[in-house]
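Asks: For reference, the sequence and a predicted model appear below.
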Amino acid sequence: ENTTLPASTLVAITFTACFVSMFAMADQTAIPIILPFIVEDLDAHNTIQWAGTGALISSTIFNIIIGRFADFFGRRLMMIISLFIIGIFEVMCVFAWNSTAFYIFRALTGLGNGGTISLAIVIVSDNVAHEQKATFQGLLGLSIGIGSCFGPFLSSAFVSNIRHVHSGWKQYFFLMGCVFILSGFLSILTLSQTKEHKQVQPKKILKSIDFPGLIFSTAVVILILLPLNMGGLNWNWKGLKVILCCVFAFLSFVVLILVEYGNKSSALIPMSSFTNFKVCNFILQTFLISIVYSSMIYHLPIYFTSVHEIDTSHIPIILLAMLIPLALGSAVSGPIISSLNRFKYVIVLGYTLVLMSLVMLCSTPKTPLKIKLPFSIITLIFMGTGFGFIFTPLTTGIQSQVSKKDVSVVLSTKAVMKNFGNSLGIAMSYVIFSNSLITKLEKLELNENSKNFVMKSLGKKMNLSFLFHGESLIELEKIYASSLKNVFIVWIPVTIICLVLSLFLENKGVENIADE
C-alpha cells in the first residue's frame with residue numbers, strides 16, 4: 001500500500017505532528033525545573049507531587065476514550081480539541097490562587113495532553129506507506145526527544161532571573177498556553193482528515209461509549225495513586241484511608257476486567273490486547289519502562305543538585321547528556337528498523353543500555369566531583385540512548401501485530417498504559433525517596449529547624465551546600481545519595497523483566513498483520 005497524498009501535504013502533516021509532539025513533551029520535562037518556585041509561591045511543600053501526578057491521571061483517563069472518539073469524529077478534530085484544551089488550561093495555571101487550584105488546572109491540562117502525542121502517531125501512521133512508517137515515526141521520536149531537551153531550558157530561562165524568580169513560572173505557563181492555542185490553529189490549516197467518517201447519530205455515539213469501563217478504570221487509577229501520593233507524609237501507611245483505597249482499588253480492578261471482557265464490541269480497554277500475547281508483550285513493556293523513565297526524569301535533577309552540588313540553573317545542561325542521545329536514538333532507530341525490517345534487536349539493545357546505566361548510577365564512585373561527574377555523564381549517555389532505542393521501536397512494532405483498522409485503539413491502549421506507568425513511576429519513586437529520607441533523617445543529629453527545612457524541601461532540587469556545612473553537609477549528602485540509590489535499585493529488576501520480555505518479541509517486519 002502506498003500513500004496517495006501529495007508530497008507537500010505529507011510534509012505539512014508530518015511537520016504539524018512533530019511540532020505538536022515536541023511541545024507536548026517539552027511541557028512535561030519543563031515542569032520539574034519550576035516546581036520548587038511553585039512550592040514556595042503556593043505553599044505546597046507536602047503536596048507538590050500532585051502537580052505531575054494529577055496531570056498524568058487525567059491524561060491516562062482521556063487516553064482511554066481518545067481512540068474511540070477519534071474513530072467517530074476523526075483524528076483531526078480530536079487533535080484540535082486536545083490542543084485547545086491544553087492551551088486554555090495552561091493559561092489558567094497563571095491565575096491559580098492556591099495549590100489546589102493549580103493542581104486542578106494542571107489536571108485539566110492533562111486531559112488534552114493525553115491524546116496529543118498518540119494522535120500525532122496515528123495521524124502519521126495513517127498517511128504513510130508501511131515501509132515508511134518506521135522512518136516517519138523516527139522523525140516523531142526525534143521531535144519528542146528535542147522537546148525533552150529544550151523543555152528544561154525553556155522553563156529554566158523564566159526562573160533564572162532573580163528579579164522575576166517568583167513570577168517566572170507564571171510567564172512560562174502563559175507562553176506555553178499561547179503556543180498550544182496557535183498549534184490548534186496550525187492543525188486546522190494543515191491536517192487532512194485521514195479518512196472519511198460517516199455521520200453518526202448522538203444516540204449511537206452514547207451507546208458505543210463504554211461508561212462502566214470508563215468509571216471503573218478511572219477508579220482504579222485514582223485509588224492506586226491516591227495512597228501512593230499521600231502515604232507517609234499525609235497519611236499513615238497502616239491507617240484506614242490507605243487500607244480502604246487499596247481494597248476498593250482491587251475490587252474496581254476485578255469489576256473492570258469483568259466489564260471489559262463482557263463488552264467485546266466497544267470496550268475502552270479491549271481485552272483482546274491482553275489475551276493476544278504478542279500485543280500484550282508490547283503493552284506490558286511500555287508500562288514497565290515508562291515507570292522507570294518518569295522516575296528518572298523527576299529524580300535525576302535532585303540527584304545532581306543534592307549529591308553532586310550542581311546549581312539548579314545548570315541542571316538542564318547536565319540533562320542534555322541523556323536527552324540528546326534519547327532524541328538521536330529515537331531518530332536513528334527508525335531508519336535502522338526500515339532498512340533491516342526488524343525491530344527486536346534494537347529494543348533488546350535499548351534495554352541493555354538502560355540496565356547498564358542503572359547499575360552505574362547505583363555504583364557511582366565516592367570520589368571528588370571532577371571524577372564523579374564525568375562518570376555520571378557517561379551513565380546518562382547510555383541511559384538516553386537506551387530509552388531512544390526503546391520507545392520508537394515499541395510504537396512501530398505494536399502496529400505490526402494488528403490490522404490497520406485496529407491501530408488507533410491499540411495505540412490508545414498503549415498510551416493509556418504508558419501514562420499510567422508514568423503516573424505510577426512518579427508516585428512510587430517519590431514514596432521510596434521521601435520515606436527513605438525521613439527514616440534516615442530521624443537518626444541524624446540535626447537541630448529540629450534543619451530537619452523541618454529538609455522535610456519541607458522534599459519536592460525541591462536544593463543545593464545542600466548553600467545551607468549546611470562540615471559534618472552536617474557530609475551526612476546529609478550521604479542520606480540523599482542513599483535514598484536516591486534506593487529509587488534506582490528498585491528499577492533494576494523492572495528493567496531486567498523488560499529485557500526478558502523483549503527476547504520473546506517476534507522479529508518480523510513492520511507491515512500490519514492483516515494486510516500482509
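Replies: Done, it's in. Quick caveat, the model's predicted, so the values are computed rather than measured.
Asks: so what's the residue nearest the centre of the chain up against?
Replies: Taking CA atoms, centre = their mean, the centroid of the chain lies closest to residue 422, which sits 4.7 Å from it. Going by CB atoms under 8 Å, 6 or more residues apart in numbering, residue 422 touches 56, 290, 291, 293, 294. Heads up, the C-betas are built off the backbone N, CA and C, glycines and all.
Asks: taking those one by one, which sit in strands?
Replies: Judged by DSSP state E, strands contain none of the contacts of residue 422.
Asks: How much space separates residue 69 from residue 119?
Replies: 10 Å (CB to CB, to the nearest Å).
Asks: Which residues are in contact with each of these two?
Replies: residue 78.
Asks: Same drill for the two, tell me which one is more crowded.
Replies: residue 119 (32 against 21; other CB atoms under 10 Å).
Asks: Quick check: closest non-adjacent residue to that one.
Replies: The spatially closest residue to residue 119, leaving aside those adjacent along the chain, is residue 79, at 4.7 Å (CB to CB, 6 or more residues apart in numbering).
Asks: Residue 120 is in contact with that neighbour, correct?
Replies: Yes: here residue 79 reaches residue 120: they are 7.3 Å apart, a contact under CB atoms under 8 Å.
Asks: Need the residues touching each of those two.
Replies: Joint contacts of residue 79 and residue 120 (CB under 8 Å, 6+ apart) are residue 20.
Asks: My read is that residue 352 contacts residue 499, right?
Replies: Yes: shown here, residue 352 and residue 499 form a contact pair, counting by CB under 8 Å, at 6.6 Å.
Asks: Let me know the helix or strand that the residue nearest to residue 107 when sequence neighbours are not counted is in.
Replies: Once flanking residues are discounted, residue 107 sits nearest to residue 54: 3.9 Å by CB to CB, 6+ apart. Taking DSSP states H and E as the definition, residue 54 sits inside helix 50-73.
Asks: Just after that helix, pick out the following helix or strand.
Replies: That would be, after helix 50-73 and using DSSP H and E, helix 75-94.
Asks: what number of residues lie near residue 276?
Replies: Residue 276: 16 neighbours (other CB under 10 Å).
Asks: With residue 215 instead?
Replies: Neighbours of residue 215 (other CB under 10 Å): 14.
Asks: Output stretch 410-429 in PDB, but only the C-alpha positions, please.
Replies: Coordinates of each C-alpha in stretch 410-429 appear next as PDB, following Å, rounded to 0.1, in the frame of the first residue of the first chain:
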ATOM      1  CA  VAL A 410      -4.200  -0.400  20.200                       C
ATOM      2  CA  LEU A 411      -2.100   2.700  20.200                       C
ATOM      3  CA  SER A 412      -4.600   4.400  22.500                       C
ATOM      4  CA  THR A 413      -4.400   1.400  24.900                       C
ATOM      5  CA  LYS A 414      -0.600   1.500  24.700                       C
ATOM      6  CA  ALA A 415      -0.800   5.300  25.500                       C
ATOM      7  CA  VAL A 416      -3.100   4.600  28.500                       C
ATOM      8  CA  MET A 417      -0.600   2.100  29.900                       C
ATOM      9  CA  LYS A 418       2.300   4.500  29.200                       C
ATOM     10  CA  ASN A 419       0.600   7.300  31.100                       C
ATOM     11  CA  PHE A 420      -0.400   5.000  33.900                       C
ATOM     12  CA  GLY A 421       3.200   3.800  34.100                       C
ATOM     13  CA  ASN A 422       4.400   7.500  34.200                       C
ATOM     14  CA  SER A 423       2.000   8.300  37.000                       C
ATOM     15  CA  LEU A 424       2.900   5.200  38.900                       C
ATOM     16  CA  GLY A 425       6.600   5.800  38.400                       C
ATOM     17  CA  ILE A 426       6.500   9.400  39.800                       C
ATOM     18  CA  ALA A 427       4.300   8.300  42.800                       C
ATOM     19  CA  MET A 428       6.300   5.200  43.700                       C
ATOM     20  CA  SER A 429       9.700   6.800  43.300                       C
END
